[in-house]
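Undergrad: Would you be able to build a 3D model of this:
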Amino acid sequence: MAGKKINSFGGLVYSTDPNFKPESVNEEEQETLLPAQQKIKVRLDKKHRAGKAVTLVEGFVGITSDMEELGKKLKTFCGTGGSVKDGEIIVQGDNRDKVIQWFLKNGYSGAKKIG
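TA: Below you'll find the predicted structure:
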C-alpha cells in the first residue's frame, strides 16, 4: 500500500519545505469525437516486437473506455489478438487493409493508411 502513495506523488518521499504541495496531474480525457471527425492513422510496426508485425492505430481522440471498445471491435473483425495501451490500439499481424476497411464501413472517413 505504501507503494501506491509514493507513486501518486511522482516518486517524492519526503520534503522539508513546510509550504510544499505536490503537483497534481490533471490529465482530463477529451470527449470522444464523432467517427467522421476522427483523424486516425493505421500503420505497420515491427520495432521492439521480436520481428513480429503488428498493426498500430493512432490518433483516436476520446475517452479510454471508447478506445478500448473500438480496439475490441477491431480485434474481433480481424480475428486476432491485441491490446489498447499508451493511446494506441495494437492489433496483432499485418491487418492494415482489414482495419481501414472496417473504419470506412463504420463512418470513419478520416482514417488513412501510412506506409
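Undergrad: Need the residues that contact the host helix or strand of T55.
TA: With secondary structure defined by DSSP states H and E, T55 is part of strand 54-58. For strand 54-58, the surrounding residues in contact (C-beta atoms under 8 Å, 6 or more residues apart in numbering) are 40-46, 70-71, 74, 78, 82, 87-96, 99. Yep, even glycine has a C-beta here, placed from its N, CA and C like the rest.
Undergrad: In strands, which of these fall?
TA: Secondary structure from DSSP state E places 41-45, 82, 88-92 of the contacts of strand 54-58 in strands.
Undergrad: any idea which of those is closest to G115?
TA: Comparing these against G115 with C-beta to C-beta picks out R43 as the nearest, at 5.1 Å.
Undergrad: Give the closest residue to the closest one in space, chain neighbours not counted.
TA: Closest residue in space to R43, ignoring its immediate chain neighbours: I114 at 4.3 Å, by C-beta to C-beta, 6 or more residues apart in numbering.
Undergrad: For Y14, see how far away the residue most central in space within the chain is.
TA: Centroid-nearest residue in the chain: G87, 2.2 Å away (criterion: C-alpha atoms, centre = their mean). Distance of G87 to Y14, given as C-beta to C-beta, to the nearest Å: 33 Å.
Undergrad: Check H48 too.
TA: Separation of H48 from Y14 (C-beta to C-beta): 36 Å.
Undergrad: A111 against A36, yeah?
TA: No - counting by C-beta atoms under 8 Å, A36 is not a contact partner of A111; they are 10.4 Å apart.
Undergrad: what about those two, which has more around it?
TA: A111 (22 against 9; other C-beta atoms under 10 Å).
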